[in-house]
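Asker: Show me the folded form of this:
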Amino acid sequence: MNVDINRRAWLRGAGGALMALPYLDAMASAAYGHSQPMRMVCIGLNFGLVPRLFFPTETGPSYQLSERLAPLEKLRSEFTVFSGLDHGLNGQGGHGGVHAYLSGVLSKNSRGMPESNISVDQKAAQIVGAETRFPSLQLSSGRDPNNLISWSASGVSLPPIFNVGTIYNLLFQKIDPRLRNSTQGQYAARASILDLVKTDADYLQSRVGVRDRRKLEHYFQSVRAVEKRLTQATQWLEIPKPVVDYTLPTAANQLDFADRVPLYYDLMALALQTDSTRVITLALADIGANYGGFNISRGYHQLTHHGKVPEYIKELSVIEQFHTQQLARFLQQLRSVREPDGKPLLDKCMVLFGSGMGNASAHSNKNLPLVLAGGGFKHGEHKSYFMDEAKREATLASKLFVSMLNRFGMEVDRFGAASGTLTGLEVGA
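Answerer: Purely as a prediction, here's the structure:
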């Protein structure tokens, strides 16, 4: 059954060309049933943001936007700024603590936990299953081992896709009919191998000690996850990919960071619009060569260790402001797209923006810079969750993740080391 979709035009990333979105068959109401599904996007910066330039000085709905949040001015009713949230001792470790951004627990501290250090995106993906071509997508702008933010229930980091061309092809490149049968055969062969390996593991499980049985159980979880992905991939081989009027610029993967990052956001917006996936993470890592294409004279990592030197902070602000500008642009894209029921896509998409690093200059993982937009929550405030302002004792950020998971449709009251939802974060009318 066809439905009308608002064909809004949005600003392309590199080159600034305006691209009109065509009608997408995958957006038909039949793909959603009678109500639009909830989506979740989590964006993580490996080096955080300068605290005094990010956090507003006032709380409540009448707060003044900070310098760093200024690009979001036109969207202030669409997001909430949080202070006083972090992962406590479970997320401490300087740069090594950044990977706990979406899990609330360092990998090394997750032993014995039922789902290890699973990240909030992968918890949400558990209920998506085969409803979309990809239960979740993990994207990254670079190769930073400290910025692997998506983790499975077996405690394994999910490798992100860096190449924008690969992302585009996964989402929209037509499957050659001549390759479909061979691909199905490869999937079947992999499934057979998994069966054999699992049989050997079953045999071992009855003959090893308690610690080894725990290791095997984590192994089984990984095998089951692979089996599930193979099954879903096989099912979706017969379903055509959506067609979009969007073309990547030439040599997109060789573009500087500043020109390439907008492309990740464009592809995420398209992936959500076409219901190719409902869960996405984007890890924004170091800016790479050529100073990322920014007008700066020092490396990103060097600038984050600014020691309050004004010229360092001035150059660092160029990078950080770029990130909030791109967030604003992405939220505007989601707000401009209309769902089959006529409401903005942003209303049904939670967008978390932040970092597992609170203050890179001090290697601190305390008081994480976090913004949550969309998702139908009641927004428009700066909320402080310091339990003791004098001691700067923070609330566990995983309470926010419990709230997000509940909104996503999961009946959970715990996540990571936290129990209960985040008090005061309400669903809008």
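
Asker: Endpoints of stretch 296-312, how far apart?
Answerer: 9 Å (C-alpha to C-alpha, to the nearest Å).

Asker: And for stretch 298-307?
Answerer: With C-alpha to C-alpha applied, stretch 298-307 spans 14 Å between its terminal residues.

Asker: what does stretch 72-84 give?
Answerer: Stretch 72-84 has its terminal residues 21 Å apart, counting by C-alpha to C-alpha.

Asker: okay but R335 is in contact with L346, surely?
Answerer: Yes: in terms of C-beta atoms under 8 Å, R335 counts as a neighbour of L346; the distance is 4.5 Å. From N, CA and C alone the C-beta is placed, and that goes for glycine too.

Asker: what's the overlap in contacts for these two?
Answerer: E78 (C-beta atoms under 8 Å, 6 or more residues apart in numbering).

Asker: Quick check: the gap between P160 and L65.
Answerer: Note on P160: its distance to L65, by C-beta to C-beta, to the nearest Å, is 31 Å.

Asker: So for the two, which residue has more residues nearby?
Answerer: More neighbours surround P160 than the other of P160 and L65, with 22 against 14 (other C-beta atoms under 10 Å).

Asker: now the more buried one: how far from R392?
Answerer: Here the criterion is C-beta to C-beta. By it, P160 lies 32 Å from R392.

Asker: R335 and L346 - which one has more neighbours?
Answerer: L346 (26 against 19).

Asker: ok now do that one, which residues does it touch?
Answerer: L346 is in contact with 78, 331, 334-335, 373-374, counting by C-beta under 8 Å, 6+ apart.

Asker: In a markdown table, list these along with secondary structure and distance to V279.
Answerer: Compiled in a markdown table, the contacts of L346 are given as follows (DSSP: H, G, I helix; E, B strand; the rest coil; distance: C-beta to C-beta, whole Å):
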| residue | secondary structure | distance to V279 |
| --- | --- | --- |
| E78 | helix | 20 |
| L331 | helix | 17 |
| L334 | helix | 15 |
| R335 | helix | 20 |
| A373 | strand | 16 |
| G374 | strand | 14 |
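
Asker: so which of those comes closest to H95?
Answerer: Nearest to H95 among these: A373, at 26.4 Å, using C-beta to C-beta.

Asker: which one is the closest one nearest to, not counting chain neighbours?
Answerer: Nearest residue to A373 in three dimensions, chain neighbours excluded: F79, at 3.7 Å (C-beta to C-beta, 6 or more residues apart in numbering).

Asker: so how far is Y312 from that neighbour?
Answerer: Per C-beta to C-beta, F79 is found 28 Å from Y312.

Asker: more crowded one of the two?
Answerer: Shown here are F79 and Y312; by other C-beta under 10 Å, F79 has more neighbours (23 against 19).

Asker: Show me the strands in the stretch 101-250 of the chain, by range?
Answerer: 137-140 (DSSP state E, counting those that start in this stretch).

Asker: Helices of that one, residue ranges please.
Answerer: Shown for the stretch 101-250 of the chain, the helices assigned by DSSP state H, counting those that start in this stretch span residues 120-125, 164-172, 177-205, 210-236.

Asker: pLDDT on the second one, on average?
Answerer: pLDDT averaged over helix 164-172 equals 94, rounded to a whole number.

Asker: Can you list the helices and strands that that helix packs against?
Answerer: With contacts taken as 3 or more C-beta pairs under 8 Å, 6 or more residues apart in numbering; DSSP states H and E, helix 164-172 sits against helix 257-273.

Asker: Next, the angle helix 257-273 makes with whichever helix or strand comes after the helix it packs on.
Answerer: Toward the C-terminal end, the helix or strand that comes next after helix 257-273 (DSSP states H and E) is strand 279-284. Relative orientation of strand 279-284 versus helix 257-273 (axes from the mean of the first three to the mean of the last three C-alpha atoms, to 10 degrees): 180 degrees.

Asker: Distance across stretch 353-361, terminal residue to terminal residue?
Answerer: Stretch 353-361 end-to-end distance (C-alpha to C-alpha) = 20 Å.

Asker: no wait, stretch 100-107
Answerer: Rule used - C-alpha to C-alpha; the end-to-end distance of stretch 100-107 is 8 Å.

Asker: likewise stretch 281-300?
Answerer: OK, stretch 281-300 end separation, C-alpha to C-alpha: 22 Å.

Asker: in that stretch, what's buried?
Answerer: If you call a residue buried by 16 or more other C-beta atoms under 10 Å, then stretch 281-300 has these buried ones: 281-288, 291-294, 296, 300.

Asker: before we move on, what about stretch 372-384?
Answerer: 372-377, 379-384.

Asker: Nearest to L272, out of these: which one, please.
Answerer: Lowest distance from L272 to these (C-beta to C-beta) belongs to G374, with 10.8 Å.

Asker: Tell me, what's the model's pLDDT at that closest one?
Answerer: G374 is assigned 98 on the pLDDT scale.

Asker: what about it, distance to I161?
Answerer: For G374, the distance to I161 - C-beta to C-beta - is 23 Å.

Asker: Equivalent analysis for K343, please.
Answerer: The spacing between K343 and I161, counted by C-beta to C-beta, is 30 Å.

Asker: Does P249 touch D256 like I think?
Answerer: No: counting by C-beta under 8 Å, P249 does not reach D256; the two are 11.9 Å apart.

Asker: Farthest-apart pair in the buried residues of stretch 281-300, please.
Answerer: Spatially, the most separated pair among those is T281 and I296, at 26.7 Å (C-beta to C-beta).
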